[in-house]
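>>> model this:
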Amino acid sequence: MITRIRIVGMNCRRCVGGIEGALTALPGVQRVHVHFEHGDAEIEHAPSLTRETLLETVEAAGYDAV
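Residues are numbered from 1 along each chain as shown. Purely as a prediction, here's the structure:
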């Protein structure tokens, strides 16, 4: 399953690494690609992992997610 989320508050490429690390640490995540230029992320994950969990993880890392 692939979920795309919008991320607000990224202001440097270092932010990308922090978000990718937080999402990759979730059980069930196979691949994460954060697009700094577009302000979003594409997450490939197990169907059991909810969009809500992905959003909460990004928010816990210090960014707003939609």
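
>>> Near E59, how many other residues are there?
By other Cβ atoms under 10 Å, 14 other residues sit near E59. In this view, the C-beta of every residue, glycine as well, is placed from N, C-alpha and C.

>>> An error on my part: the question was meant for G9.
Count around G9 with other Cβ under 10 Å applied: 14.

>>> ok, it touching V66?
No. If you go by Cβ atoms under 8 Å, G9 and V66 don't touch, sitting 11.3 Å apart.

>>> what about the helices in the chain?
Secondary structure of the chain by DSSP state H: the helices cover 13-24, 51-60.

>>> May I see the buried residues of the last one?
Buried residues in helix 51-60, counting neighbours by 16 or more other Cβ atoms under 10 Å, are found at T53, L54, L55, T57, V58.

>>> Can you tell me the closest non-neighbouring residue to the residue located most distally from the centre of the chain?
In the chain, counting by Cα atoms, centre = their mean, S48 sits farthest out from the average C-alpha position, at 16.0 Å. Residue nearest to S48 in three dimensions, not counting chain neighbours: G28, with 6.1 Å by Cβ to Cβ, 6 or more residues apart in numbering.

>>> show me the contacts for the one you found.
G28 sits next to H45, A46, S48, L49 when contact means Cβ atoms under 8 Å, 6 or more residues apart in numbering.

>>> do you know how far the nearest residue to the last one once chain neighbours are set aside is from D40?
This points to L49. Among residues not flanking L49 along the chain, G28 sits closest, at 4.2 Å (Cβ to Cβ, 6+ apart). Per Cβ to Cβ, to the nearest Å, G28 is found 20 Å from D40.

>>> Neighbour-wise, give me the winner out of the contacts of G28.
H45 (21 neighbours).

>>> how much space between that one and G9?
From H45 across to G9, the span is 22 Å (Cβ to Cβ).

>>> how many neighbours does the residue nearest to R51 when sequence neighbours are not counted have?
Excluding the flanking residues, the one nearest R51 by Cβ to Cβ, 6+ apart is T3, at 5.6 Å. Look at T3: counted by other Cβ under 10 Å, it has 15 neighbours.
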